[in-house]
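Chemist: No sequence on hand, only this structure:
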């Protein structure tokens, strides 16, 4: 079954538009981090707790 030319072009256009809509928030987030210098993945790390025994002398 052969697709008509205008149907094929419409499918391609819709696929490109869908990819654009999907990638736009990711690109905006990366651009925001780049221009503001924010690194939220470094800022919100919790300190590592260690189990230390205290010896009373």
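Modeler: Great, that's in hand. Since the structure is predicted, the reported quantities are computational estimates derived from the model, not experimental observations. Residues are numbered from 1 along each chain as shown.
Chemist: now the helices: where do they sit in this protein?
Modeler: Using DSSP state H, the helices of the chain run over residues 5-36, 40-43.
Chemist: Which of those has the lowest mean pLDDT?
Modeler: Here the lowest mean pLDDT among the helices of the chain goes to helix 40-43, at a mean of 80.
Chemist: Show the contacting residues for the most centrally placed residue in the chain.
Modeler: Geometric centre of the chain, nearest residue: residue 26, 4.7 Å, by CA atoms, centre = their mean. Listed by CB atoms under 8 Å, 6 or more residues apart in numbering, the contact set of residue 26 is empty. For glycine as for every other residue, the C-beta is placed from the backbone atoms N, C-alpha and C.
Chemist: And for residue 33, the neighbour number?
Modeler: 13 (other CB atoms under 10 Å).
Chemist: which residues touch it?
Modeler: Applying CB under 8 Å, 6+ apart, the residues near residue 33 are 39, 40.
Chemist: ok so, going back, what's the closest of the helices of the chain to residue 51?
Modeler: Among the helices of the chain, the nearest to residue 51 by CB to CB is helix 40-43 (25.5 Å).
Chemist: Packing partners of the closest one?
Modeler: The contact analysis (3 or more CB pairs under 8 Å, 6 or more residues apart in numbering; DSSP states H and E) places helix 40-43 against no helix or strand.
Chemist: what comes into contact with that helix?
Modeler: By CB under 8 Å, 6+ apart, helix 40-43 touches residue 33.
Chemist: any idea how far that helix is from the chain center?
Modeler: Between the centre of helix 40-43 and the centre of its chain there are 14 Å (CA atoms, centre = their mean, to the nearest Å).
Chemist: and the helices of the chain, which is most packed in?
Modeler: Highest mean neighbour count of the helices of the chain: helix 5-36, a mean of 10 (counted as mean count of other CB atoms under 10 Å).
Chemist: can you give me how far it is from the chain middle?
Modeler: Relative to its chain's centre, helix 5-36 lies at 13 Å (CA atoms, centre = their mean).
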